[in-house]
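Quick check, what structure comes out for this input:
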Amino acid sequence: MDKRWITLDKNSDEYREGVKKFVLNSKRHAMNPELIICPCAICRNLSPQTDDDLEIHLMRYGVDPDYDIWCAHGEEAGPSVEAVDGESSDQVYVDYELPEVHQMYKDAHFHFFYGAGSSRTVSTEEDYRKKVEAEVPLYPGCKKKHTKLLATLIFYKFKADNGLADSSFDELLEVIRETLPKVNTFPESLHRIKKILEKI
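Model prediction:
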């Protein structure tokens, strides 16, 4: 995937052409071509936009500089290989990014609501918006595998495994939410978690 255009002057013809090609390619890979997750420096993959608005955002704000692997827009995510401190360079741990979380979510949604093997797609804009909301990053700039959906599943399982009372669980969520950056998508209550999970 050609990303050279993102470093060019936003007023240049080359940048404008890069944006147009990106939008067209993103529509081909989007769950709903009418609403595409916007990777601009303001939305940071937290908000879906129409193709026209997506183009405007990219022309005005540019691409989020922390968005390295464009897995939400058709790029295949590969392993991120890092040498561990104190280890020789040929001993590495491989940290796989998790675009499969998106696929797992879609598969679970279709399986439980429409039956295994169903080819039914999202039928309404509202349904699509709710699915996107559950897949967004936990907070801007976090690792791509740390999604709102993943946090929701982990903490709901924690509640069930430990038998936490609803009020105690809400207090725990509030404490964790306060430790995160001010802009975050961490669920604020058990009620909110149930609203998210009922769409899976």
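
hey, let's count contacts and neighbours off CA atoms from now on
Fine.

Quick one: mean pLDDT for the top helix by length along the chain?
Using DSSP state H, we find that the single longest helix of the chain is helix 13-29. Taken as a whole, helix 13-29 has a mean pLDDT of 92.

Can I get that helix as PDB, trimmed to CA atoms?
Extracted in PDB, the C-alpha atoms of helix 13-29 (Å, rounded to 0.1, in the frame of the first residue of the first chain):
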ATOM      1  CA  ASP A  13      -1.600  17.600  -6.500                       C
ATOM      2  CA  GLU A  14       0.200  14.500  -5.500                       C
ATOM      3  CA  TYR A  15      -1.300  14.600  -2.000                       C
ATOM      4  CA  ARG A  16      -4.800  15.300  -3.300                       C
ATOM      5  CA  GLU A  17      -4.400  12.300  -5.700                       C
ATOM      6  CA  GLY A  18      -3.200  10.100  -2.800                       C
ATOM      7  CA  VAL A  19      -6.200  11.000  -0.800                       C
ATOM      8  CA  LYS A  20      -8.600  10.200  -3.600                       C
ATOM      9  CA  LYS A  21      -6.900   6.800  -4.200                       C
ATOM     10  CA  PHE A  22      -7.000   6.100  -0.400                       C
ATOM     11  CA  VAL A  23     -10.700   6.900  -0.200                       C
ATOM     12  CA  LEU A  24     -11.500   4.600  -3.200                       C
ATOM     13  CA  ASN A  25      -9.500   1.800  -1.800                       C
ATOM     14  CA  SER A  26     -11.000   2.200   1.600                       C
ATOM     15  CA  LYS A  27     -14.500   2.000   0.200                       C
ATOM     16  CA  ARG A  28     -13.600  -1.400  -1.300                       C
ATOM     17  CA  HIS A  29     -12.600  -2.800   2.100                       C
END
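
just checking, next helix/strand downstream of it?
strand 36-37 (DSSP states H and E).

now for that following strand, which elements pack on it?
strand 48-49 (3 or more Cα pairs under 8 Å, 6 or more residues apart in numbering; DSSP states H and E).

Just checking, which helix or strand of the protein averages the lowest pLDDT?
Across the helices and strands of the chain, mean pLDDT, DSSP states H and E gives its lowest value to strand 92-96, namely a mean of 35.

tell me which residues of the longest helix of the chain are tucked away?
Residues of helix 13-29 classed as buried: Tyr15, Arg16, Gly18, Val19, Lys20, Phe22, Val23, Ser26, Lys27 (neighbour count, 16 or more other Cα atoms under 10 Å).

and what of stretch 184-193?
Asn184, Thr185, Phe186, Pro187, Glu188, Ser189, Leu190, Ile193.

Other residues contacting it?
By Cα atoms under 8 Å, 6 or more residues apart in numbering, the residues outside stretch 184-193 that reach it are 136-140, 148, 151-152, 156, 166, 169-170, 173-174, 177.

Cool, thanks, talk later.
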